[in-house]
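K.L.:
build the 3D model from these lines:
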Amino acid sequence: MSEKTIVILVLGVLIFDFLLDLLLNFLNEKSSKKPIPEELKGVYDDEKYQKSQDYQNTTGRFGKISGAFSLIVMVVAIGLGWFGLLDDWARSFSPLAPVTPLIFFGVLFVISDVMGIPFSLYQNFVIEARFGFNKMTLKTFFADKAKEYLLAALLGGGLLVIFVLMVEVIGADFWWYFWIVITVFLLALNMLYTSLLLPLFNKLVPLEEGVLKKSIADFAEKVSFPLTQVFVIDGSKRSSKGNAFFSGLGKKKKVVLYDTLIAKHSVDELTAVFAHEVGHYKKNHIYIGTFMSIVQTGLMLFLLSKMILNTQVSFAMGGEVTAIHLNMLAFGILYSPVSRILGIIMNLISRKHEYEADAYAATHFAAQPLIDGLKKMSGDHLSNLTPHPANVFINYSHPTVLQRIRAMNLLK
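P.N.:
Just a heads-up that it's a prediction; the model follows:
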């Protein structure tokens, strides 16, 4: 394949992704104006419904602008050979692996992040603040950035060094060995996320004694779930939006409730949310999701091995010699269609898991409190109650609130 063909493919994928997202955004905007379904009456009054429309339109427009900016930067960078110039500059410090790739991706990470900071500031401190969601201070924002840089350097840099050394020593067959490394890393991340990484950004405390804990304790005893693993996270330091999640493997598993969720919902609604998270545990969804991620990573590494040492790809990205990091950059773009297809499959499985967790909560606790909780959360988040089916199919890891309510109504 010629260098020109590779460049055309890379640019084509970038433009296709942007246009697809643009189309989905357009369809979603039209769909959001549909009348509220009967099952969701009461989520919004007229004033709040208009506010939700304004929120969806504002975030949609902002997404188009930020997406267009990213596309333009990438097209210009590839067209003018900026990545090749960065490669030359990195080699001027050290032409040896893995130093050059570390410098190359380190600089790219910093440049990309710095360019994204104005967009992040506007998203949080203008849009989210205007609609009453942002609770983050500038101090927290930049403290998070510092921690993200540290983690990227330690974890990302460490994995990159191992990756490059394996490619240099083993060649194209590196992918088997690095797959083992990344699998161990993913398993460790799943087990230790809420114990080591999450506390760097948020405070986790055990659920305190009271009516809520008693209700949850009674349910936990009924279904044999270890209550010691229920925690409250201080999500209110960044946003007024509430959530809950299940994380971890083995003895490291935890159910985490946001303090914002607890503040806005009744005891029965919160117990139903807890029951939903327990449903994920009982149905082994974390193990299934982890297994699927590992398989997906193996496929990605196998495909990467087919072009990681390809000289034509390096030349197409502006390099003058074969460069692992330039090939990785090109692969990251060319892999996008495969990633999107795999993402659709993963979302199908994830939506199935959400239905199963809802059914577990409805069967072992009660459906109505979970339905009430979902309605209240949708209203609090100014959610789009009628997203376009195409957008749901491609991008949604959860069924829509309407789909979830209809499924639970069938269980009554």
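
K.L.:
residue ranges with poor pLDDT in the stretch 151-300 of the chain?
P.N.:
Using pLDDT under 70 as the threshold, the predicted model of the stretch 151-300 of the chain has low-confidence ranges 248-253.

K.L.:
could I get the full set of helices for it?
P.N.:
157-170, 174-192, 211-223, 259-264, 267-282, 285-305 (DSSP state H, counting those that start in this stretch).

K.L.:
buried residues in the first one?
P.N.:
Residues of helix 157-170 classed as buried by neighbour count (16 or more other C-beta atoms under 10 Å): Gly157, Leu160, Ile162, Phe163, Val164, Met166, Val167. The way it works is simple: take the backbone N, C-alpha and C, and place the C-beta from them, glycine included.

K.L.:
would you list these in a markdown table and tack on distance to Leu374?
P.N.:
Formatted as a markdown table, the buried residues of helix 157-170 follow (distance: C-beta to C-beta, whole Å):
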| residue | distance to Leu374 |
| --- | --- |
| Gly157 | 41 |
| Leu160 | 41 |
| Ile162 | 43 |
| Phe163 | 42 |
| Val164 | 46 |
| Met166 | 46 |
| Val167 | 47 |
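
K.L.:
list just the nearest of those residues to Leu96.
P.N.:
Nearest to Leu96 among those is Val164, at 10.1 Å by C-beta to C-beta.

K.L.:
gap between the closest one and Tyr149?
P.N.:
Using C-beta to C-beta, to the nearest Å, one gets 20 Å for the distance from Val164 to Tyr149.

K.L.:
not counting its neighbours along the chain, what's nearest Asp268?
P.N.:
On the basis of C-beta to C-beta, 6 or more residues apart in numbering, the spatially nearest residue to Asp268 that is not a chain neighbour turns out to be Pro369, at 4.0 Å.

K.L.:
elements contacting the helix or strand hosting the one you found?
P.N.:
Pro369 belongs to helix 367-380 when elements are defined using DSSP states H and E. In terms of contact count using 3 or more C-beta pairs under 8 Å, 6 or more residues apart in numbering; DSSP states H and E, helix 367-380 is assigned the packing partners helix 259-264, helix 267-282, helix 336-364, helix 401-409.

K.L.:
tilt between the third one and helix 285-305?
P.N.:
Meaning helix 336-364. Orientation of helix 336-364 against helix 285-305 (axes from the mean of the first three to the mean of the last three C-alpha atoms, to 10 degrees) gives an angle of 170 degrees.

K.L.:
out of the helices and strands packed on helix 367-380, which comes closest to Ala390?
P.N.:
Distances from Ala390 to each of the helices and strands packed on helix 367-380 were compared using C-beta to C-beta; the minimum, 11.0 Å, belongs to helix 336-364.

K.L.:
give me the buried positions along the closest one.
P.N.:
336, 342-343, 346-347, 350-351, 353-362.

K.L.:
what mean pLDDT does it have?
P.N.:
Taken as a whole, helix 336-364 has an average pLDDT of 95.

K.L.:
show me what that helix is packed against.
P.N.:
The criterion is 3+ C-beta pairs under 8 Å, 6+ apart, and the helices and strands that helix 336-364 contacts are helix 3-31, helix 211-223, helix 267-282, helix 285-305, helix 367-380, helix 389-395, helix 401-409.

K.L.:
I'd like these as CSV, with mean neighbour count appended.
P.N.:
Putting the helices and strands packed on helix 336-364 into CSV (neighbours: other C-beta atoms under 10 Å) gives the following:
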stretch, mean neighbour count
helix 3-31, 15
helix 211-223, 15
helix 267-282, 23
helix 285-305, 16
helix 367-380, 20
helix 389-395, 15
helix 401-409, 18
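
K.L.:
redo those as a markdown table? Include distance to Val76.
P.N.:
Shown next, in a markdown table, are those (distance: least, C-beta to C-beta, whole Å):
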| stretch | distance to Val76 |
| --- | --- |
| helix 3-31 | 11 |
| helix 211-223 | 54 |
| helix 267-282 | 44 |
| helix 285-305 | 26 |
| helix 367-380 | 40 |
| helix 389-395 | 27 |
| helix 401-409 | 41 |
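
K.L.:
mind checking these for the one nearest to Asn134?
P.N.:
Comparing the helices and strands packed on helix 336-364 by C-beta to C-beta, helix 367-380 comes nearest, at 14.1 Å.

K.L.:
how about the nearest residue to Gly157, chain neighbours excluded?
P.N.:
Once its chain neighbours are removed from consideration, Gly157 has its nearest residue in Leu102; the separation is 6.1 Å (C-beta to C-beta, 6+ apart).

K.L.:
how about the contacts made by the one you found?
P.N.:
Residues touching Leu102, when contacts are defined by C-beta atoms under 8 Å, 6 or more residues apart in numbering, comprise Gly157, Leu160, Val161.

K.L.:
now the residues you listed as JSON lines including distance to Ala97?
P.N.:
JSON lines is the format used below for those (distance: C-beta to C-beta, whole Å):
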{"residue": "Gly157", "distance to Ala97": "14"}
{"residue": "Leu160", "distance to Ala97": "10"}
{"residue": "Val161", "distance to Ala97": "9"}
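
K.L.:
so which of these comes closest to Leu309?
P.N.:
Nearest to Leu309 out of the contacts of Leu102 is Leu160 (C-beta to C-beta; 16.5 Å).

K.L.:
okay, the residue nearest to Gly157: pLDDT?
P.N.:
Predicted confidence (pLDDT) at Leu102: the value is 93.

K.L.:
what's the separation between it and Ile286?
P.N.:
Distance check for Leu102 against Ile286: by C-beta to C-beta, it reads 33 Å.

K.L.:
one more: Leu187?
P.N.:
The separation that Leu187 has from Ile286, given C-beta to C-beta, amounts to 11 Å.

K.L.:
tell me who's in contact with the closest residue to Glu354 other than its chain neighbours.
P.N.:
Distance criterion C-beta to C-beta, 6+ apart; nearest residue to Glu354, sequence neighbours excluded, is His398 at 5.0 Å. For His398, the contacting residues are Ser350, Arg351, Glu354, Arg404, by C-beta under 8 Å, 6+ apart.
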